[in-house]
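Participant: Test case, fold it:
(2 chains)
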Amino acid sequence: DIQMTQSPSTLSASVGDRVTINCRASQSISTWLAWYQQKPGKAPNLLIYKASRLHSGVPSRFSGSGSGTEFTLTISSLLPDDFATYYCQQYNSYSWTFGQGTKVDIK
Amino acid sequence: QITLKESGPTLVKPTQTLTLTCTFSGFSISTSGVGVGWIRQPPGKALEWLALIFWDDDKRYSPSLKNRLTVAKDTSKNQVVLTMTNMDPVDTATYFCAHTEGENYDWYFDLWGRGTLVTVSS
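Facilitator: Numbering: from 1, shown residues only, chains lettered A, B, ... in the order given. Have a look, this model is predicted:
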């Protein structure tokens, strides 16, 4: 099984901050990686797919990068609506695995 | 517009079998490249992928739960059904179904249902 490890688990930030969340795969997954945002009591929303492609309707302050085993989600300037939990997910070779999540809360 | 909705029991007893239905609209699961996946989330914990069924009836399961899961589709009803046997309190979670459409491994979940909370308790 491919394991996904996110860091940090919790991130405290202020509105306007640049935020970076990391995700590491236990083996190479090329660019088969997605990022999701989830708010309490809601379903996840797709932000990024194929490591760096912005899903339709997602604001451009979100960006993704990386390949192989190391990936990053960046929010260029945090807005109040961005306080949420973020998950990475690999979808390589007919297996799907999520990271443990990174909660972005208000500093 | 694609929508998905999960339905099923909110409470099951230990050792019972859970059957959940995902009813969707806005797409056909017989269209090449389309799939419907199941993901769950225990209260306060991370997401866990369970199963996925493709347009061609290819089925994929989480290795850790493979022996307990069955997924099937009913194209005429626009439904995908997940069954999980031998339920245990640790299976208490919100269960989501989600849409995927792609090719050559590019199967991420672009649209999700709202989820249904299943509690396992005697």
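
Participant: Could you use CA atoms for every contact and neighbour count after this?
Facilitator: Noted.

Participant: what residue is smack in the middle of chain A?
Facilitator: Nearest to the centroid of the C-alpha atoms of chain A, with distances taken as C-alpha atoms, centre = their mean, sits A:Trp35, at 3.8 Å.

Participant: Give me every residue in chain A lying close to chain B.
Facilitator: A:1, A:32, A:34, A:42-46, A:49-50, A:91-101 (C-alpha under 8 Å from any C-alpha of the partner chain).

Participant: Please check those residues and keep the buried ones.
Facilitator: Buried residues within the residues of chain A next to chain B, defined by neighbour count using 16 or more other C-alpha atoms under 10 Å in any protein chain shown: A:32, A:34, A:43-46, A:49-50, A:91-92, A:95-101.

Participant: Now for the residue lying closest to B:Gly37 once chain neighbours are set aside, how many residues are close by?
Facilitator: Taking C-alpha to C-alpha, 6 or more residues apart in numbering or on different chains as the measure, B:Gly37 lies nearest to B:Leu52, with 4.0 Å between them; neighbours along the chain are not counted. Residue neighbour count, defined by other C-alpha atoms under 10 Å in any protein chain shown, stands at 28 for B:Leu52.

Participant: what do you get for the one 5 residues further on?
Facilitator: As a burial measure, the neighbour count of B:Asp57 was computed by other C-alpha under 10 Å and equals 14.

Participant: so where's chain A uncertain?
Facilitator: Scanning chain A with the threshold set as pLDDT under 70 gives no residue ranges.

Participant: That one: strands as residue ranges?
Facilitator: For chain A, strands defined by DSSP state E occupy the ranges A:4-7, A:10-13, A:19-25, A:33-38, A:45-49, A:53-54, A:62-67, A:70-75, A:85-90, A:97-98, A:102-106.

Participant: I'd like the distance from the fifth one to the chain centre, please.
Facilitator: Using C-alpha atoms, centre = their mean, to the nearest Å, the mean C-alpha position of strand A:45-49 is found 8 Å from that of the whole chain.
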